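**Q** Coordinates only, no sequence provided:
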């Protein structure tokens, strides 16, 4: 049993192909590749922490793709997930839809967890930085108290920036990244 981290699949989001220069010709090709890449590295007994923005297309078309993914899936919703607490009561009412799609658990907001024996923070948002030119969602960003942070949201902007590690698919060959790889970055051996 292994543990993986990932973010920003944007299943169903055709425009993300151009925004992030993804190597796909259509949203269907992208969706199929993301599912295949995930299942090539994640086994049925592995755990995957999805740090937000899993699906952005029509929910009835994009959310069922979660059920095709191997492993035990835990979602930390991002700003593009309709079940994100930042969308208020309406978002929280949609949590069950994401659970029904195949997530075993939904964890809202920044969370402290242990990764390979190290205490880190996980959240969709980085301490600072954005996929746009200005930092958005400042009220939902984690407070930097000196911990390493695993996050998404910035897409192809960086893989590592100080103590922030972007686990988004755009910088990890469109697949989840293993806990051991995260530890190697933290230990400075990557």
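**A** Thanks, I have it. In this text the structure is predicted, and so the values were computed from the model without any measurement. Residues are numbered from 1 along each chain as shown.

**Q** Give me the phi and psi for residue 106.
**A** Main-chain dihedrals, residue 106, degrees, to the nearest 10: phi -130, psi 130.

**Q** Just list the residues touching it, thanks.
**A** 74-77, 83, 95, 98-99 (C-beta atoms under 8 Å, 6 or more residues apart in numbering). Yep, even glycine has a C-beta here, placed from its N, CA and C like the rest.

**Q** Just give me the closest of those residues to residue 110.
**A** residue 76 (8.5 Å; C-beta to C-beta).

**Q** Other residues contacting stretch 122-142?
**A** 5, 7, 19, 49, 51-53, 76-79, 84, 86, 109-113, 121, 144, 149-155, 157-158, 161, 163-164, 166.

**Q** Among these, the buried ones, what's the ChimeraX command?
**A** The following ChimeraX line selects those of the contacts of stretch 122-142 that are buried, judged by 16 or more other C-beta atoms under 10 Å:
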select :5,7,49,51,52,53,76,77,78,79,84,86,110,111,121,149,150,151,152,153,154,155,157,161,163,164,166
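
**Q** Sort out for me which of the contacts of stretch 122-142 are in strands.
**A** 5, 49, 111-113, 121, 149-151, 161, 164, 166 (DSSP state E).

**Q** quick revisit: which of the contacts of residue 106 are buried? Put it as a PyMOL command.
**A** Restricted to buried positions by 16+ other C-beta under 10 Å, the PyMOL selection for the contacts of residue 106 reads:
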select buried, resi 74+75+76+77+83+95+98
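
**Q** I'd like the contacts of residue 106 laid out as TSV, including pLDDT and distance to residue 181.
**A** What follows is those, written out as TSV (pLDDT from 0 to 100; distance: C-beta to C-beta, whole Å):
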residue	pLDDT	distance to residue 181
74	98	18
75	98	21
76	98	19
77	98	24
83	97	28
95	97	30
98	97	26
99	98	28
